[in-house]
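Colleague: I'd like to go over a predicted model; first the sequence, then the structure.
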Amino acid sequence: MSRDDASGLYLGLISGTSADGIDAALVSFDHDLPQLRAALTRPWPSALRERVLAVAQDLSVFDLDTYGRLDVEVGRQFAAAALTVLEASGTPATAVRAIGSHGQTVRHRPGGESPFTLQLGDPTVIAEHCGIDVVADFRRADVAAGGQGAPLLPAVHAMLLGCPGRTRVVLNLGGIANITVLGADGGVLGFDTGPANGLMDAWCLQHRGEAYDRDGAFAASGRVDATLLAALLADPYFALAPPKSTGREHFHLAWLARQSRTATLPPADVQATLLELTVRSVADAIEAHAPTATEVLACGGGVHNARLMERLGERLAPRAVVSTAAYGVDPDHLEATAFAWLARQRLLGAPGNLPAVTGARGPRVLGGLFLAPRG
């Protein structure tokens, strides 16, 4: 496909580490820059979400039958999210050149002798249900090239939020936190810093029966336990140099439970400490790799956690910590927008990774193409 043929609409789909919903973004392109046209988040059916989360952190239930069934069921939910945003925006499927579907990550192990990354959400099911070509399986080409397969958003962060002559950090607060350092000289660095919302959400659900800590009120009602915080920060992941990436298969409730202190503290104190773990690990990463940054632009679900944003502002002062919305970029659908861009890159035969970010041996065209039925 030539660049002249790359006009039209693309649709990006992703469910992040927290699996709190499927984000769908309808995107057009203006001089190669992605422009968000419509977006929504479609909640998971609660029973399916519970199964996905169980698989994502419990090796004992991840057999082949579980994988096969979940792959199809997740694909159907992704298709439903795509069709919902099309209906809500009054957009016919024929107007969409391709869907970029990230899927739902259930394993991400980019290290060791046989590195791999695995996402659920059968793209052939999405193509069949939507009647639109689908690009999916974006991370494995980078992993095969020796990279981490993550993060993949820094290229889009640079396009939309870079500022020549000024160093900025884009902070994505999903289930896992990652930063993109946009250097004053145009250089780009990015990596996962550690947990963001994932552990807090899981602890809140276990002790409050609520899927997330609204406004950080649960954390704000407790006190940070310095001993527990120090023990959590001693995890070797935090000391690793980038490129690096992680996920729920590392940072989950069983990981937290290894600290016996969690059993003796009030649940609110553990929640406060988990929030501070996110703050400290993010701040340490920024101070180590972007000491001259003057701004931190936050996106992802964590921007809605008032207590988290407040503590990040305090810890990172005098740097300004603001939502990407202040710069005209929707913080809730930036990831889905990026996967629409990655789908377009695949159709253009253009690279989607940044080797300086992921550690891959070179630029790679990402994703496989799954054609919709033609008859």
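Modeller: Received it, and whenever you're ready, just let me know what you need.
Colleague: just the helices in the stretch 201-350 of the chain please.
Modeller: Assigned by DSSP state H, counting those that start in this stretch, the helices in the stretch 201-350 of the chain fall at 217-220, 226-233, 253-257, 267-289, 306-316, 334-348.
Colleague: distance between the fourth one and the chain's centre?
Modeller: Computed by C-alpha atoms, centre = their mean, to the nearest Å, the chain-centroid distance of helix 267-289 equals 18 Å.
Colleague: List the buried residues of it.
Modeller: Judged by neighbour count (16 or more other C-beta atoms under 10 Å), helix 267-289 contains these buried residues: 267-286, 289. Yep, even glycine has a C-beta here, placed from its N, CA and C like the rest.
Colleague: Equivalent analysis for stretch 128-139, please.
Modeller: Buried residues in stretch 128-139, counting neighbours by 16+ other C-beta under 10 Å, are found at 128-130, 132-139.
Colleague: repeat for stretch 153-170
Modeller: Buried residues in stretch 153-170 (16+ other C-beta under 10 Å): 153-158, 160-162, 167-170.
Colleague: so how far does that stretch reach from one end to the other?
Modeller: Start to finish, the residues bounding stretch 153-170 are 10 Å apart (C-alpha to C-alpha, to the nearest Å).
Colleague: All further residue positions should be reported with the first residue as 45.
Modeller: Got it, the first residue is 45 from now on, which makes the last one we talked about stretch 197-214.
Colleague: got the contact list for it?
Modeller: By C-beta atoms under 8 Å, 6 or more residues apart in numbering, the residues outside stretch 197-214 that reach it are 76-78, 216, 222-228, 230, 232-234, 330, 334, 336-343, 363, 368, 371, 373, 378-379, 381-382, 385, 396-398, 401.
Colleague: Was I right to think S62 contacts L243?
Modeller: No - if you go by C-beta atoms under 8 Å, S62 and L243 don't touch, sitting 9.9 Å apart.
Colleague: Looking at those two, which has the bigger crowd around it?
Modeller: Set side by side, S62 and L243 show more neighbours around L243, with 27 against 24, by other C-beta atoms under 10 Å.
Colleague: Out of the contacts of stretch 197-214, which end up buried?
Modeller: Buried subset of those (neighbour count, 16+ other C-beta under 10 Å): 78, 216, 222-227, 232-234, 330, 334, 337, 339-343, 363, 368, 373, 378-379, 381-382, 385, 396-398, 401.
Colleague: among the residues you listed, which are in strands?
Modeller: The strands, defined by DSSP state E, take in 78, 216, 222-226, 232-234, 339-343 from these.
Colleague: centre of the chain versus stretch 169-185, how much separation?
Modeller: Put simply, stretch 169-185 sits 18 Å off its chain's centre (C-alpha atoms, centre = their mean).
Colleague: Let me see the mean pLDDT of stretch 235-246.
Modeller: Mean pLDDT, computed over stretch 235-246, is 96.
Colleague: Alpha carbons of it, in PDB - could you do that?
Modeller: Provided in PDB are the C-alpha atoms of stretch 235-246 (Å, rounded to 0.1, in the frame of the first residue of the first chain):
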ATOM      1  CA  PHE A 235      10.500   1.500  29.600                       C
ATOM      2  CA  ASP A 236       8.200   0.000  32.200                       C
ATOM      3  CA  THR A 237       8.900   1.400  35.600                       C
ATOM      4  CA  GLY A 238       6.800  -1.100  37.600                       C
ATOM      5  CA  PRO A 239       3.200  -1.400  38.900                       C
ATOM      6  CA  ALA A 240       0.800   1.500  38.600                       C
ATOM      7  CA  ASN A 241      -2.900   0.600  39.000                       C
ATOM      8  CA  GLY A 242      -2.800  -3.100  38.800                       C
ATOM      9  CA  LEU A 243      -1.800  -4.000  42.300                       C
ATOM     10  CA  MET A 244      -3.900  -1.200  43.800                       C
ATOM     11  CA  ASP A 245      -7.000  -2.400  41.900                       C
ATOM     12  CA  ALA A 246      -6.400  -6.000  42.900                       C
END
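Colleague: List the buried residues of it.
Modeller: Buried residues in stretch 235-246, defined by neighbour count with 16+ other C-beta under 10 Å: 235-246.
Colleague: helices and strands of this structure: which one bottoms out on pLDDT?
Modeller: When each helix and strand of the chain is scored by mean pLDDT, DSSP states H and E, helix 90-101 comes last, with a mean of 88.
Colleague: Go through that one and flag the buried ones.
Modeller: Buried residues in helix 90-101, counted by 16+ other C-beta under 10 Å: 93, 95-97, 99-101.
Colleague: ditto for stretch 286-300
Modeller: In terms of neighbour count (16+ other C-beta under 10 Å), stretch 286-300 has its buried residues at 286-296, 299-300.
Colleague: what bridges to the nearest residue to D181 once chain neighbours are set aside?
Modeller: Computed as C-beta to C-beta, 6 or more residues apart in numbering, the closest residue to D181 that is not its neighbour in sequence is G412, at 5.0 Å. According to DSSP bridges, the residues that bridge with G412 are A180.
Colleague: which residues of the stretch 45-194 of the chain fall in helices?
Modeller: For the stretch 45-194 of the chain, the helices defined by DSSP H, counting those that start in this stretch occupy 90-101, 108-133, 167-174, 184-188.
Colleague: what number of residues lie near the residue lying closest to A342 once chain neighbours are set aside?
Modeller: Leaving out its chain neighbours, the residue that sits closest to A342 by C-beta to C-beta, 6+ apart is L215, at 4.7 Å. L215 sits with 25 neighbouring residues when counted by other C-beta under 10 Å.
Colleague: bridging residues for L215?
Modeller: Listed by DSSP bridges, the beta-bridge partners for L215 are I223, A342.
Colleague: That one reaches L341, doesn't it?
Modeller: Yes - the pair L215 / L341 is scored as a contact, 6.9 Å apart, by C-beta under 8 Å.
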